[in-house]
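Enquirer: coords below, sequence missing:
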């Protein structure tokens, strides 16, 4: 009847309960106090595994920085079993042929489940793949992307009719041009891409009235009808820290005061999603600040960093659960993010007493240099994906079993 039965203290319907979870074909089919079947005992607290809606695995095109194997392994070690990869590859994913080619390459490498975005440039709505998990719009220049300034009503409507999430990199291109200049440290870099460029872009994005819009990597709170995403680096890092080029990112790190306001905003429930914006570069790209590439790794440390804040009683567990686990899955209508019948059996075992210092030499990215080196984190000891144990006692025990997930379209 069951392929596996897992037994432990699960986070279920708002509280931790001793339960048995019956699994068939990767799906939770039974939740009881006791199931008369051979059981796999999971220690410590068991919570649903995470979904990271914002990663750059650089594959294909820049696999010296990361590829789907190393990126998806990193995700699993951080308690994330599903990722959504951005379209600003060296060959832009802005048409169905590029999308199909990328999918064919990465699906044979993935250790975790995944979806893929297509890039909307304002004029390519007719050639975007209908298989796209989501859409990304770059309002200003950033890595492998130029700002989009011209949008037609016809194009916007066609994208809206796909009824999938539309994510904005919200930095206004003309504003960035106005403030461009030489930056030799993090504070100067922030001045070349100031918050006002975000504000202008968010206003323009809101005027497009997408039904499932998302403003990504906010560096400060802003009123918008769209879903609001923040990242661990903007929540925990600021330009006064001695991070050098490893703290260079778009949009930039802000002042200590702005960073603390952002974290307090998360704590008080102002933001919907915490994503990593995992964006690795080779070591040589991070040598000279002025010419260094913008991007910070984070897919493996996103959940551990937030769990450490929970353990320190800084971040309420409910806020962590909603922003890192539940809401990202709901955004894409995934059968994940919650332990209930009909959902995939994706969960992780957390020992809240096992806080440790993050050591970037132990991270699994192809280029593991991290500005979070030395920060506190709580890593999962066991990770289960679709009813199969993939991380056990901190070791990878499964081969590539990641599946391409095209989210179900919300017809409501």
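Expert: Structure received. Computed from a predicted structure; not experimentally measured. Residues are numbered from 1 along each chain as shown.
Enquirer: could you report the neighbour count for residue 2?
Expert: The burial count assigned to residue 2 is 17, neighbours taken as other CB atoms under 10 Å. In this view, the C-beta of every residue, glycine as well, is placed from N, C-alpha and C.
Enquirer: and residue 233, what element?
Expert: For residue 233, the element it lies in under DSSP states H and E is helix 232-236.
Enquirer: residue 392 reaches residue 382, doesn't it?
Expert: Yes - under the criterion of CB atoms under 8 Å, residue 392 is in contact with residue 382, at a separation of 5.6 Å.
Enquirer: so between those two, which is more surrounded?
Expert: More crowded of residue 392 and residue 382, by other CB under 10 Å: residue 382, with 25 against 14.
Enquirer: tell me the contacts of the closest residue to the more buried one other than its chain neighbours?
Expert: Excluding its sequence neighbours, the residue lying closest to residue 382 (CB to CB, 6 or more residues apart in numbering) is residue 349, at 3.9 Å. Applying CB atoms under 8 Å, 6 or more residues apart in numbering to residue 349 gives the contacts 8, 42, 43, 44, 45, 46, 380, 381, 382, 383.
Enquirer: does residue 349 belong to a helix, a strand or coil?
Expert: Secondary structure state of residue 349, per DSSP: H, G, I helix; E, B strand; the rest coil, is strand.
Enquirer: pLDDT weak spots in the chain?
Expert: For the chain, the stretches flagged by pLDDT under 70 are 149, 407-412.
Enquirer: middle-most residue in it, spatially?
Expert: The centroid of the chain falls nearest to residue 52 when counting by CA atoms, centre = their mean (2.8 Å).
Enquirer: what does the helix or strand hosting residue 259 contact?
Expert: Assigned by DSSP H and E, residue 259 falls within helix 256-267. By CB under 8 Å, 6+ apart, the residues outside helix 256-267 that reach it are 195, 218-221, 230, 234-238, 240, 253-254, 271, 274, 314-316, 319, 323.
Enquirer: same question for stretch 136-151.
Expert: 56, 86-90, 92, 117-123, 166-176, 197, 201, 204-205, 208, 250, 279, 293-295.
Enquirer: ok, the contacts of residue 349 vs residue 159, which is closest?
Expert: Distance to residue 159, by CB to CB, is smallest for residue 383 among the contacts of residue 349, at 34.4 Å.
Enquirer: looking at this, that closest one is in a strand?
Expert: Yes - per three-state DSSP, residue 383 lies within a strand segment.
Enquirer: ok, it - how many residues close by?
Expert: Number of residues near residue 383 (other CB under 10 Å) recorded here: 29.
Enquirer: same check on residue 92?
Expert: Residues near residue 92, counting by other CB under 10 Å, number 18.
Enquirer: thought residue 334 was touching residue 405?
Expert: Yes - at 6.7 Å, residue 334 counts as touching residue 405 under the criterion of CB under 8 Å.
Enquirer: overlap in contacts of the two?
Expert: Residues touching both residue 334 and residue 405 (CB under 8 Å, 6+ apart): residue 82.
Enquirer: related to what we said a few turns ago, can you flag which of the contacts of helix 256-267 belong to helices?
Expert: Counting by DSSP state H, those place 195, 234, 235, 236, 319 in helices.
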